[in-house]
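# Build me a model from this:
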Amino acid sequence: MSILNIEGGRPLTGKLPVQGAKNSALPVLASSILCETCSVIHNCPRLSDVDASLRILECLGCSVKQEADTITVDSSGINRFDIPDNLMREMRSSIVFLGPVCAKLGRARLSFPGGCELGPRPIDLHLSALRQLGLTIEEDHGWLDCTAKKGLRGADIALSFPSVGATENIMLAAATARGNTVIVNAAREPEISDLADFLNKCGAKISGAGESVITIKGVDSLHGCEHCVIPDRIVAATFMAAAAITGGEICLTNVNISHLSPVLPVFIEAGCEISTHQDSLVIRGPVKLKPVKCVRTMPYPGFPTDAQAPVMAMTAIASGTSLFIENIFENRFKHAAELVRLGAMIKVEGRVAVVEGVPKLFGARAEATDLRGGAALVVAALAAEGISELHGIRHIDRGYEKIEESLSRLGAIIERVQ
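Numbering: from 1, shown residues only. All right, here's what the predicted structure looks like:
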């Protein structure tokens, strides 16, 4: 078991490239199952969730090669339709394999996904949509047994909520289905557009990605392609929060400024100075952070739920009271109790958290209970007086590539120890 030791109180300075987006790389890797020839995917982050996806691909019979941040997938040898329970449990997004496996083989058997415990994140939207595409799904003691004996067919699907995962699964299943599919109230996240870009390079006919209505014209087959994953906007927001809380100044490269537009106003409200260029961003933290009136998480282009925890940590030492309203996951404030261990003053009532800024935080032992909550603890520890000992960092490794090395490049005193 590894832990992170962090000595706080040092302003972050320097330049850092932002890794590829985890939430884009995972569905792109899953979609490689549909291709008849090799796919070469660049800018894939080295994460435990990516490793889990690669193990699933290999288990299904795909050939996988990984060199630095480039992954090559050859799915011509795929010969299994079932995914072992232990692999499904490693990450919540593993359900994204359901659509492409069914589209490729006409059958799939897998268990319910695992990952961070953020409260109910039901897959009923996924299952309902895939049933409309002609998939027969039987639920058997935690397993999903799925068949499409007559193949998948296009349909008009209206989502009750713009679910990212459900939108991805529909796109993947419909890309080679017979006829046309229209998704109404589709998710609009940049990762959806990136997946559509990859599929279209492979020969798919998808239009409207990034808007609320997506149209997919089914094609007979897909071929492999070469693709570069978009930068991770949540990782960028996390390092921005780290710079802000330490009063530092950093330059983030390999960023997409338009993808960060939902979070920039919050940092500006907190008193940060931000300058942007074509693919880079400079942020300078103030001497004293200002509180933010209200951070309300919403589907894109609203404030992302994944950035809520790191930004909350930033406001812990602001000169006033900040308000957070979580509209996506009901258990997304678990990090609040751990931030209190470092001296933060946070009161949680249901989906609302009130943060009263304190003069300073203090080093302490804390436990990461989920991915973004763990990132929030890192952000807070960077500004805390003394040394913090963070446990449960396996969660952090799911979404941040060697976070201790990245922060060390910016002058932080942080060490991973066994």
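
# count of residues packed around S76?
By the measure other CB atoms under 10 Å, the count of residues near S76 is 12. All C-beta atoms are positioned from the backbone trio N, CA, C, and that covers glycine.

# And the pLDDT at the closest residue in space to it that isn't next to it in sequence?
Closest residue to S76 apart from its sequence neighbours, by CB to CB, 6 or more residues apart in numbering: E36 at 6.7 Å. Note on E36: pLDDT of 96.

# check contacts around E36.
75-76, 221-224 (CB atoms under 8 Å, 6 or more residues apart in numbering).

# please redo it, this time with the cut-off set to 10 Å
By CB atoms under 10 Å, 6 or more residues apart in numbering, the residues touching E36 are 74-76, 104, 202-203, 221-224.

# Flag every buried residue along stretch 288-306.
289-292, 295, 297, 299-300, 303-306 (16 or more other CB atoms under 10 Å).

# Please narrow these to those residing in helices.
Using DSSP state H, the subset of the buried residues of stretch 288-306 located in helices is empty.

# Out of those, the closest to S128 would be?
Distance to S128 across the buried residues of stretch 288-306 (CB to CB) is lowest for P299, with 18.3 Å.

# Can you pull out the low-pLDDT segments for the chain?
For the chain, residues meeting the criterion pLDDT under 70 lie at 114-122.

# Not counting sequence-adjacent ones, nearest residue to the residue located most distally from the centre of it?
Largest separation from the mean C-alpha position in the chain: K150, at 34.2 Å (CA atoms, centre = their mean). Closest residue in space to K150, ignoring its immediate chain neighbours: G134 at 6.5 Å, by CB to CB, 6+ apart.

# surely that neighbour meets G151?
Yes - the pair G134 / G151 is scored as a contact, 6.9 Å apart, by CB atoms under 10 Å.

# Tell me which of those two has more neighbours.
Of the pair G134 and G151, G134 is the one with more neighbours under other CB under 10 Å, namely 19 against 15.

# Which secondary structure element is home to that one?
Using DSSP states H and E, G134 sits in no helix or strand.

# From G179, how far off is it?
10 Å (CB to CB, to the nearest Å).

# Give the residues shared as contacts by the two.
Joint contacts of G134 and G179 (CB under 10 Å, 6+ apart) are 152-155.

# now the residues you listed in JSON lines, with secondary structure?
Putting the shared contacts of G134 and G179 into JSON lines (DSSP: H, G, I helix; E, B strand; the rest coil) gives the following:
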{"residue": "L152", "secondary structure": "coil"}
{"residue": "R153", "secondary structure": "strand"}
{"residue": "G154", "secondary structure": "coil"}
{"residue": "A155", "secondary structure": "coil"}
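
# Just name the closest of the residues you listed to V352, please.
Using CB to CB, the shared contacts of G134 and G179 come closest to V352 at A155, 38.4 Å.

# what number of residues lie near the residue lying closest to the closest one once chain neighbours are set aside?
Once flanking residues are discounted, A155 sits nearest to Q132: 4.4 Å by CB to CB, 6+ apart. Using other CB under 10 Å, the number of residues around Q132 comes to 18.

# Q132 contacts V182, doesn't it?
No - contact criterion CB under 10 Å: Q132 and V182 do not qualify, at 11.0 Å.

# overlap in contacts of these two?
Contacts common to Q132 and V182, judged by CB under 10 Å, 6+ apart, are 154-158, 170.

# Give me the buried subset of the residues you listed.
Looks like the shared contacts of Q132 and V182 have 154-155, 157, 170 buried, using 16+ other CB under 10 Å.

# and the two most separated of the shared contacts of Q132 and V182?
Maximum distance among the shared contacts of Q132 and V182 (CB to CB): 14.2 Å, for G154 and A158.

# ranges for the helices of the protein?
22-31, 48-60, 85-88, 98-105, 124-132, 164-174, 190-201, 233-246, 264-269, 308-315, 334-341, 371-383, 403-409.

# next one: the third one to chain centre, how far?
To tie it back to what came earlier, the one meant is helix 85-88. Relative to its chain's centre, helix 85-88 lies at 19 Å (CA atoms, centre = their mean, to the nearest Å).

# and that helix, which residues are buried?
For helix 85-88, by 16+ other CB under 10 Å, it's 87-88.

# Just the C-alphas of it, formatted as CSV.
Extracted C-alpha coordinates of helix 85-88, given in CSV (Å, rounded to 0.1, in the frame of the first residue of the first chain):
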residue,chain,number,x,y,z
ASP,A,85,-16.4,-9.9,-12.6
ASN,A,86,-13.1,-8.9,-11.1
LEU,A,87,-12.3,-6.7,-14.2
MET,A,88,-15.8,-5.1,-14.2
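
# Offset the numbering so it begins at 82, please.
Okay, residue one is now 82; in that scheme the one you just asked about reads as helix 166-169.

# Adding distance to E270, write the shared contacts of G215 and G260 out as TSV.
As requested, those are arranged in TSV below (distance: CB to CB, whole Å):
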residue	distance to E270
L233	24
R234	27
G235	23
A236	22
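
# Can you tell me which of those residues is nearest F405?
Using CB to CB, the shared contacts of G215 and G260 come closest to F405 at A236, 38.0 Å.
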